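# turn this into a model:
(4 chains)
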There are 2 protein chains.
Amino acid sequence: MHHSAESPIREPDYGCCMDCTGFNLRKTMRSVSQLYDDMLRQAGIRGTQFSLLVAIRMAGPVSVTQLAEIAVMDRTTLTRNLEVLQKQGLIRVAAGQDRRTRLATLSDEGRAVLAKAYPLWEQAQAHIKDSLSEERLQTLMEGLANLVKVTQAR
Amino acid sequence: MHHSAESPIREPDYGCCMDCTGFNLRKTMRSVSQLYDDMLRQAGIRGTQFSLLVAIRMAGPVSVTQLAEIAVMDRTTLTRNLEVLQKQGLIRVAAGQDRRTRLATLSDEGRAVLAKAYPLWEQAQAHIKDSLSEERLQTLMEGLANLVKVTQAR
DNA sequence: TCCATATATGTGTATATACTCCTTTTAAGC
DNA sequence: GCTTAAAAGGAGTATATACACATATATGGA
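Next up, the predicted model:
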């Protein structure tokens, strides 16, 4: 007998997709980023920009490619992000000895904004630390580092 | 005596900023998202779109606000993301009984693309599962859920 | 020296993200 | 029923992200 139950288009059970590591990471990233952004708004910068300013402050005059490796960030993404910081006068970008490279450093204003932003960042970070236990947060950070490792090495 | 060592502008040690939860989440998210995006490219969609298609498939006809809550996503972000899916013909959006609402459902093509994408997603997910231990991944997911909780409840 | 290749970076384009402000529609008092 | 507040959603603008492609400079071998 020929009826519709034959060769049904059996779709998978998509329920397990809610465990998707990527989905959960994006979700969490959005939620957590907003906490930092809210705190840092008072300093006129966002979390992304804060992290970049810190990285530039610590890595001294640093090339785009080097900075991209530090931040595990696509190089072209970084180019656009640096444009914004430069337009805001927070960093300076100049050609290096190797004239292919462009080296980023903080401007005086960048240093000042970073100094103003730091205690605000501390508050956001403390909120996280106080809400989770120190140990759990540590475990979490290690887990994230592992994820980066296994997704970079491919 | 008046010398420059008096009232120095003592900048903080920014080293601890490398432990920033937001920074590490963004970093990890970028790296992991690229794994899923690479796998899903064969189906013509990205990880973000896959997750949305799954959510719409499961939540049936669902309003923008409802979907935004499910995905822990800003409502206006979701509007833009749905526009893309609609333009690609993967979903349909129609007004509900309450004419303020707009309800999203998968189109036939959306269902087909999702079915094609599912095994690709499974591969990416399996890569993560096999690289970390099942237990570690579970702990990590719980940690992420906790982070969402403490950053949403403010 | 000159050329092939590798390296460093930028551009065009598209998606993802979210804040602020605005419009439409419903629901709640009265 | 009318008015007003609440709810749902979109638009303008700006930043964040990354892939494919193009450009400029350096380097190494013939």
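# can you show me the CA trace of stretch A:82-96 as CSV?
Output for stretch A:82-96, consisting of C-alpha atoms alone and laid out as CSV, is shown next (Å, rounded to 0.1, in the frame of the first residue of the first chain):
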residue,chain,number,x,y,z
LEU,A,82,41.9,51.1,15.3
GLU,A,83,40.4,53.6,12.9
VAL,A,84,37.7,54.4,15.4
LEU,A,85,40.2,54.9,18.2
GLN,A,86,42.4,57.1,16.0
LYS,A,87,39.4,59.2,15.0
GLN,A,88,38.7,59.7,18.7
GLY,A,89,42.2,60.8,19.2
LEU,A,90,43.0,58.0,21.7
ILE,A,91,45.8,56.4,19.7
ARG,A,92,48.4,57.4,17.2
VAL,A,93,49.4,55.2,14.3
ALA,A,94,52.7,55.7,12.4
ALA,A,95,54.8,53.7,10.0
GLY,A,96,57.6,51.7,11.5
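# okay, buried residues for it please.
Across stretch A:82-96, burial judged by 16 or more other Cβ atoms under 10 Å in any protein chain shown covers A:L82, A:L85, A:L90, A:I91, A:R92, A:V93. Every residue, glycine included, has its C-beta placed from N, CA and C.
# my guess is the fifth one contacts A:D108, does it?
No - here A:R92 does not reach A:D108: they are 9.7 Å apart, not a contact under Cβ atoms under 8 Å.
# average model confidence for the longest helix anywhere in chain A?
Determined from DSSP state H, the single longest helix within chain A is helix A:108-131. When pLDDT is averaged over helix A:108-131, the result is 95.
# other residues contacting that helix?
Defining contact as Cβ atoms under 8 Å, 6 or more residues apart in numbering or on different chains, one finds that helix A:108-131 is touched by A:32, A:35-36, A:38-40, A:42-45, A:50, A:53-54, A:56-57, A:85, A:89-91, A:106, A:137, B:9, B:11-12, B:14, B:17, B:19-22, B:146-147, B:150-151.
# of the residues you listed, buried ones?
With neighbours counted by 16+ other Cβ under 10 Å, the contacts of helix A:108-131 contain buried members at A:32, A:35-36, A:39-40, A:43, A:45, A:50, A:53-54, A:56-57, A:85, A:90-91, A:106, A:137, B:14, B:17, B:20-22, B:146-147, B:150-151.
# cross these against strands and list the overlap.
Judged by DSSP state E, the subset of those located in strands is A:I91, A:L106.
# A:R26 belongs to a helix, doesn't it?
Yes - counting by DSSP: H, G, I helix; E, B strand; the rest coil, one finds A:R26 located in a helix.
# rewinding a little: buried residues in the longest helix of chain A, which are they?
Residues of helix A:108-131 classed as buried: A:110-111, A:113-115, A:117-118, A:120-121, A:124-125, A:127-128, A:131 (neighbour count, 16+ other Cβ under 10 Å).
# residues in contact with A:D98?
Remark: with contacts taken as Cβ under 8 Å, 6+ apart, A:D98 is in contact with nothing.
# phi, psi of it?
phi -70, psi 110 (degrees, to the nearest 10).
# how close does it get to A:Q66?
Noted for A:D98: a distance of 12 Å to A:Q66, by Cβ to Cβ, to the nearest Å.
# just the element for the residue nearest the centre of chain A, please.
Using Cα atoms, centre = their mean, the residue of chain A that lies closest to the mean C-alpha position is A:T48, 5.8 Å off. With elements delineated by DSSP states H and E, A:T48 resides in helix A:47-59, which encompasses its position.
# which elements pack onto that helix?
Contacting helix A:47-59 under the criterion 3 or more Cβ pairs under 8 Å, 6 or more residues apart in numbering or on different chains; DSSP states H and E are the following elements: helix A:21-40, helix A:64-70, helix A:75-87, strand A:102-106, helix A:108-131, helix B:21-40.
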